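Trainee: Here is a sequence together with a model predicted from it:
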Amino acid sequence: MKKYLFTLIVLSLFAAKTFAAEGVLFKFDIFQIDNSDNTQHLVYSDSVDVVVGKTITGFVGPFSLDIELLSADSLKSAFNTHIITLSTSAKTYSKSFIAEYELPARMEKIVGKNSSEYLLIISPLSYNPNIDIYCQYDHRVKGDFSVKPTANTEIFYVPSTLSDFYWDSIKELMESNYSLFKNFLNLNIPGKIYIYVPPCPIHSVIWDKRFGTSVDPTRSTAFAVYNKDFITVDPFIINYTAALKTYGYSSPFLSEGLANYFSFAIFDMKKILKEKKNLPLKGMLETYAYYQTDAQITDKTSATFVRFLIDTYSLHNFLELYKKADDINLATTLEDTYKKSVAELEQEWLVY
């Protein structure tokens, strides 16, 4: 995967093709509760524009989040939130709010994997009667996308765009890489994974601004952009979706690293090490720190470190680690699983 200056590229590519819509800027923060002392640990934070009458969805932190904006004016907004957790037994949470701007709304006691507990704070920050919409397509609107099936996916594209013309190339990229990944992990996932490849970042999705992609394993969907200047289609999105669907949620350091097992990250990581741009491993093991650190570094570090763990200590041991780890306990779980300190494992990885 590559890091993209997602927002700047979107603005430059689509500024001449905008239309205005009424909407609200939302900020959301996700915390994991440490049950040992009841402290709140921030694990994910982002902001997104939502258009009145529309729903935006994405996999954020440990769960899938929908925000449906019912109405808005200069004083307040009315919206629904819906959560689907990614755990052994998926749970759903829904709540409706009428909130003034900059006042937080809360969804508490969200139960994740291994009975972990999360808190969502969502705040409508400001009303905008004229949000600039850079991409008019909506994956929920019938007729916006056409679809063709493959062995493991349904690939959706906008007719007469580059993802239509290069559909066969996208199919080959996804299927060939996913076959390796699927066989390596002996995956047996019912149904198919739905991959949307619009020519621009659609406004019905919460995008991962690090890479210009989005996944939602609770709905078996993934999204990437394909146009002449900006391509984020990568086997990572199908591998990541499949890994999350199969093994459930874990620290993104582990789940993203696993999805990149067959990537060429090791060559980039060697360059990072040669240029002495690598960062201490322990500083990116908690989820919020991982997301805040340079994505070029975390992407290659997680991919190569996970590969080192699997190749050196077995896939079985790694999956045991994966099952136990969450957003705040990865460092201690890593040490408990491998009976070595993080520093010792880091030194082994550096010479791997």
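Mentor: It's in.
Trainee: does the spatially closest residue to Asp73 that is not a sequence neighbour count as helix, strand or coil?
Mentor: Spatial nearest neighbour of Asp73, excluding adjacent residues (Cβ to Cβ, 6 or more residues apart in numbering): Tyr127 at 6.6 Å. Heads up, the C-betas are built off the backbone N, CA and C, glycines and all. Secondary structure state of Tyr127, per DSSP: H, G, I helix; E, B strand; the rest coil, is strand.
Trainee: Which residue ranges of the stretch 101-250 of the chain form strands?
Mentor: Counting by DSSP state E, counting those that start in this stretch, the stretch 101-250 of the chain has strands at residues 105-111, 117-133, 146-149, 153-157, 193-197, 213-216, 221-224.
Trainee: For Thr332, which of those strands is the nearest?
Mentor: For Thr332, the closest of the strands of the stretch 101-250 of the chain is strand 117-133, at 17.8 Å, according to Cβ to Cβ.
Trainee: before we move on, back to that, could I get the strands of the stretch 101-250 of the chain in TSV, plus columns for distance to Glu320, mean neighbour count and mean pLDDT?
Mentor: Formatted as TSV, the strands of the stretch 101-250 of the chain follow (distance: least, Cβ to Cβ, whole Å; neighbours: other Cβ atoms under 10 Å; pLDDT from 0 to 100):
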stretch	distance to Glu320	mean neighbour count	mean pLDDT
strand 105-111	22	15	97
strand 117-133	23	18	96
strand 146-149	36	12	98
strand 153-157	30	21	98
strand 193-197	26	24	99
strand 213-216	24	25	98
strand 221-224	27	26	98
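Trainee: With distance to Asn80 added, can I get the ones you listed in CSV?
Mentor: Shown next, in CSV, are the strands of the stretch 101-250 of the chain (distance: least, Cβ to Cβ, whole Å):
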stretch, distance to Asn80
strand 105-111, 11
strand 117-133, 11
strand 146-149, 28
strand 153-157, 25
strand 193-197, 23
strand 213-216, 17
strand 221-224, 20
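Trainee: Not counting sequence-adjacent ones, nearest residue to Arg219?
Mentor: Distance criterion Cβ to Cβ, 6+ apart; nearest residue to Arg219, sequence neighbours excluded, is Ser64 at 6.9 Å.
Trainee: From Thr39, how far off is the residue nearest to Asp73?
Mentor: Distance, Tyr127 to Thr39, by Cβ to Cβ, to the nearest Å: 34 Å.
Trainee: Over to Asp168?
Mentor: Per Cβ to Cβ, Asp168 is found 52 Å from Thr39.
Trainee: ditto for Phe184
Mentor: 38 Å.
Trainee: and the residue nearest to Asp73, what are its bridge partners?
Mentor: On the basis of DSSP bridges, Tyr127 is bridged to Val24.
Trainee: could you list every residue that touches it?
Mentor: The neighbours of Tyr127, taking Cβ atoms under 8 Å, 6 or more residues apart in numbering as the test, are 23-24, 72-74, 77, 101.
Trainee: What of Ala343?
Mentor: So Ala343 contacts Lys282 (Cβ under 8 Å, 6+ apart).
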